[in-house]
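Novice: After the sequence you'll find the predicted model.
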Number of protein chains: 2
Amino acid sequence: MMKEMKYYPNLHARSLARRRSRTIGVILSNLDNPFFLDVFRTIETLAHEKGYEVVVAATHYDVARLHASIKSMIGLRVAGIAAIVSEMEPSVVEELSNVEIPVVFYDAWVTNKKATNIKINYKKGTQQLVEYLHSLGHRRMAFIAYPLRLQPTEERRTAFLETMGHYSAPAHIVLPTSDGFFAGRDATRELLRSGFGPTAILCVNDITAVGVLKELRDQGISVPKQMSVAGFDNISLAQFTNPPLTTIHIPRDHIGQLAFEALLSARSGGPAQGQEILIDPELIVRQSTGARHLASSEA
Amino acid sequence: MMKEMKYYPNLHARSLARRRSRTIGVILSNLDNPFFLDVFRTIETLAHEKGYEVVVAATHYDVARLHASIKSMIGLRVAGIAAIVSEMEPSVVEELSNVEIPVVFYDAWVTNKKATNIKINYKKGTQQLVEYLHSLGHRRMAFIAYPLRLQPTEERRTAFLETMGHYSAPAHIVLPTSDGFFAGRDATRELLRSGFGPTAILCVNDITAVGVLKELRDQGISVPKQMSVAGFDNISLAQFTNPPLTTIHIPRDHIGQLAFEALLSARSGGPAQGQEILIDPELIVRQSTGARHLASSEA
DNA sequence: TTGAAAGCGGTACCAG
DNA sequence: CTGGTACCGCTTTCAA
C-alpha cells in the first residue's frame, strides 16, 4: 500500500550541503579506442562498487571539448577527475590545479605536480619491439602513426625512429588521415604504393594493425611470411586476428585501478600527492611477426 | 591578473533550485559489446552538444545493479534516463513509471506505456538471414546463442528455430558459457565435437562470430568453402575479419539519436508519450557465407 | 537523544 | 530593469 511512497533523497541537496559530491568525472579522448574504453570500464566498475556515480565525457581529441568537460565537472564539484586524454594542454592543467579536486592524469602529455600522473613507458615498449624485429632479420621497417600529433603517439613514433637510427636501419613513417581500422587499411595502401618496400610494419595501436592485416590479405601479401605486422596495446581482439597479433601489452585494467585508487586516497587527504607512476609495457609475441624471408640467402 | 578568479557555478545548487538537473542518465548492460557502446557514444555526443552532462552505469546484466543505477539516477533528478539494457524487469519498470522522469527503453524486454520504447525486429532479421542461407543450399545450421537468457537474445534464438522448423531443416543450438570472442571460440569447439555437422553457423552477435572464425581457422576449416558463418549487429569490425562477415545491420547511431530526441521531446512536454519504435534490421552479405559445397553433386 | 535552525549556492519571484 | 528575499532539500550544529 505504501509501495508508491518510495523516497529518493535529492543528491543535489546532499552534495550542496556536504560541499562535495559522490560523483567522479572521467574524461576520455575517444570511446572507440578499446584502449581508453578498457580503463574507463575498470574505473566505472570500481566507482560504483564504492558507491560513486560516474559522469563521463568524450573529447574526441578536441581541446575545446576538454575545456568544456573540465568546466562542467568542476561545476559538479566532483569528488575526483580522471583525465584519460592525449590532448592535454597547459592551460587545462593550470585550471585544474587552481581547484581543490583530486585529479589523476593518464596518457596526458603535460601534467601537474599536485596530481597523480600515470604514464606508459612507450619508448621502452617500442624499443623492445624494434629490437625483436631486428633480431628476426628485419631491416626496412615502416611505422603507421596516428593521424593527430598527440604526445603519447608521437613518443612511439620518435622511439621508433631513434631505435631504427641506432641500427642504421631504413625507417619510414606513414601518417594516416583517418583513425582506427580504416587508418590501417588506407595507410597500408599508401605504404605499398610508396615503394619503400618494408619487411615489417609497426602500428601505433592494435586497431590500426587490424586494418593493415586486412589490406595485406586483400593484396595477397602473406603475414608473416612476406610481411611482419605488429600492433600496440594488446586489446583482446589481438588474439583473434588472422594471424594473431604480435603487440605490446599495456595493463589497462591495472591502470584503471591505480587511477581510481589515487583519486580516493587523494580525497581522504592521502599521501604526499603528485606521485608519478610509470608503467612498463611488455612485448607479446604472436604469429603476425616472423623471420625475414623464410628462405633467406644472406649469411 | 584576475586569472585565478574563475567562477564555476555550483550545478548542484542550480539543479536543486530548478528542481531538475541538466544531466541525463544512461544505463547499459555491457560496455564491452560494441553494440551497446555505439548507441551510448551517440547519446553522449548529442547530450554534450546540447549542454547536458551524462552519467553512465553499466549493469553487467545484473538486475541488482540495474536497480541501484535507477535509484541513484532518480536521486540525481536527471532530465531523462536511457535504459539500454536486456535484463529489464517489471519491478524496475514500475519504479520508473512512478516518477516523472522521461525514460526511453532500448532493447529492453518489459517496458512501460509512458515511455518511449525502441525495439529491434530481431525476428525479421533472423528470418532474412536463415532464408538467405537456405537459398544458398544450407540445411543443417547451428546457432550460437548468448550465455544469458535475455529476451533480446532469446528472440533471435527462437526466430532461428521457428524459421528452421518452417524449412524442416535440422537446427542445433549451442549455449556458450562465456561471452564475446571467447564464447564464439569455445562454442565452436563444442559444436564441432557434437557431431551435428552443420554447414552454416549463425551467431547471436558479431563478436561471437569473430571467435567462431578464429576457431574454424585453427581447425583448418575454410570459410565459406566448408562452413558459412554469419553474425548480428554489423559492428565496424565485421568488415575487417577474415573473411569479412555476413551479418545483420542494426543502425545503432540512428537508434542513439532517436533515444536522445525522445528524451528531449518528452522533457519539453512533448507529444503523447509512450510511442513504440520498431527498427527493421538489414541483411549485409559479405564473404563469410557462400553456397553449400562448392562442388555440390546434388540435383 | 531529539529537534529546531542555519546554512550550502543558486533560482525565481516580487516589489521598488 | 535592479535588488532583495524566500525557497530548493539535505547536512550540520547547537540548544533544549
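Specialist: Great, that's in hand. Bear in mind that the values here come from a model prediction, so they are computed numbers and not experimental data.

Novice: the helices in chain A, which residues?
Specialist: Counting by DSSP state H, chain A has these helices, from start to end: A:11-18, A:34-49, A:63-75, A:90-97, A:122-135, A:151-166, A:180-194, A:206-218, A:252-267.

Novice: Quick one: closest of the ones you listed to DNA strand D.
Specialist: Comparing these against DNA strand D with Cβ to the nearest atom of the strand, the closest turns out to be helix A:11-18 (3.1 Å). Heads up, the C-betas are built off the backbone N, CA and C, glycines and all.

Novice: Show me what that closest one is in contact with.
Specialist: Applying Cβ atoms under 8 Å, 6 or more residues apart in numbering or on different chains, the contact partners of helix A:11-18 are A:21-23, A:53, A:77, B:10, B:12-13, B:15-16, B:21, B:72, B:75-77.

Novice: Let me see the domain layout of chain A.
Specialist: Per automatic domain parsing, the domain ranges recorded for chain A read A:11-121+A:251-281, A:122-249.

Novice: Against residue A:101, how distant is the nearest residue to residue A:94 once chain neighbours are set aside?
Specialist: Take residue A:94 and drop its neighbours on the chain: the residue closest to it by Cβ to Cβ, 6 or more residues apart in numbering or on different chains is residue A:112, 8.0 Å away. Distance of residue A:112 to residue A:101, given as Cβ to Cβ, to the nearest Å: 11 Å.

Novice: Ok, residue A:18 next?
Specialist: For residue A:18, the distance to residue A:101 - Cβ to Cβ - is 14 Å.

Novice: And the residue nearest the centre of chain A?
Specialist: residue A:35 (4.8 Å; Cα atoms, centre = their mean).

Novice: Kindly state the beta-bridge partners for the spatially closest residue to it that is not a sequence neighbour.
Specialist: In this structure, residue A:35 finds its nearest non-sequential neighbour in residue A:233, 4.9 Å apart by Cβ to Cβ, 6+ apart. Beta-bridge partners for residue A:233, by DSSP bridges, are residue A:249.

Novice: Tell me how far residue A:233 lies from residue A:152.
Specialist: In terms of Cβ to Cβ, residue A:233 sits 11 Å off from residue A:152.

Novice: Kindly report the same for residue A:185.
Specialist: Residue A:185 is 23 Å from residue A:152, by Cβ to Cβ.

Novice: And residue A:44, by the same measure?
Specialist: Residue A:44 is 22 Å from residue A:152, by Cβ to Cβ.

Novice: do residue A:224 as well
Specialist: 27 Å.

Novice: and what of residue A:52?
Specialist: From residue A:52 over to residue A:152 (counting by Cβ to Cβ), the distance is 27 Å.

Novice: Chain neighbours aside, what residue packs nearest to residue A:251?
Specialist: residue A:279 (6.6 Å).

Novice: Check residue A:46 too.
Specialist: Going by Cβ to Cβ, 6+ apart, residue A:46 has residue A:260 as its nearest residue, at 4.5 Å.

Novice: Count the residues that sit near that neighbour.
Specialist: Using other Cβ atoms under 10 Å in any protein chain shown, residue A:260 is surrounded by 25 other residues.

Novice: does it really touch residue A:40, like I thought?
Specialist: No. With contact defined as Cβ atoms under 8 Å, residue A:260 does not reach residue A:40; the gap is 10.7 Å.
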